[in-house]
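[1] pasting a predicted model and its sequence here:
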Amino acid sequence: MRQVVLDTETTGLEPAQGHRIVEIGAVEIVDRRLTRNRFHHYIDPERDIDDAAVEVHGLTLQDLAGKPRFADVADEFLEFVRDAEVVIHNAAFDVSFIDYELELLGRGPKGIAELCTITDSLALAKDRHPGRKNNLDALCRRYGVDNSQRELHGALLDAEILADVYLLMTGGQASLFPGDDPATGEAEEGTAFRLPTDRQPLLVVRATAEERGAHEAKLDALDALCGRPCIWRQPSATGAEA
């Protein structure tokens, strides 16, 4: 299963007013694991940037001078998202800008949805946490994802953060540690770290005979308390011992 988590930054709020994309960032997830495959470009929007937009992402026309136009990176971008499930927070916003850029090209797909499946992580978050704040910062606090570097919005950084949030949000159990609130889904603030893919294999420490004996004694006590074998001694679906 291949997924792409994507974010954009723009010159303003409405493509209908001629606003354009200034940055696209996307990261790849394969079988629920982040890979090192990513797409990222700053883009010359070929127009002015609203002051309010600069306050959000910090990008000015001077910063983007000499950067490629969307037309220059379009084929690379479309190939990156092709046949993937593309996860976007508040997808309608980003999709409208991407589709406008594709319209200006006058070739290829009329919309990104012709090439991939769009999943709106904001809609998913609202379904999981009704009545609560579900912007990216709020979700980072809820799921313990480190967003301390997010002083300004940035497409690649936000895509990386959203990927962590999405994997935690769709992974099932969210309230794992003491202090989590199962009624609201709010977890204590913490930090989620992604281990590098080229890390050394983790060391496996086997239990000693003494530790195994203590474990069996604890299971004996649970059996006596429950009046039947506890779950850790019940056979698995394959018939092997649990």
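    That came through fine.

[2] which positions in stretch 104-119 come out as buried?
    For stretch 104-119, the neighbour count (16 or more other CB atoms under 10 Å) marks 112, 115-116, 118-119 as buried. No exception for glycine: its C-beta is placed from N, CA and C like everyone else's.

[3] same question for stretch 163-170.
    Of the residues in stretch 163-170, 163-169 count as buried by neighbour count, 16+ other CB under 10 Å.

[4] pull the most distant pair out of the buried residues of stretch 104-119.
    Using CB to CB, the pair of the buried residues of stretch 104-119 lying farthest apart is 115 and 119, separated by 14.2 Å.

[5] do you know how far the residue nearest to the spatial centre of the chain is from residue 45?
    Closest residue to the average C-alpha location of the chain: residue 163 at 1.5 Å, with CA atoms, centre = their mean. Distance, residue 163 to residue 45, by CB to CB, to the nearest Å: 25 Å.

[6] where along the chain do the strands fall?
    2-10, 21-30, 33-42, 85-88, 117-120 (DSSP state E).

[7] any idea which of the ones you listed is most buried?
    strand 2-10 (a mean of 25; mean count of other CB atoms under 10 Å).

[8] what is that strand packed up against?
    Counting contacts by 3 or more CB pairs under 8 Å, 6 or more residues apart in numbering; DSSP states H and E, strand 2-10 packs against strand 21-30, helix 51-57, helix 70-81, strand 85-88, helix 91-105, helix 155-169.

[9] list the buried ones in the third one?
    Of the residues in helix 70-81, those scored as buried under the neighbour-count criterion (16+ other CB under 10 Å) are 70, 73-74, 77-78, 80-81.
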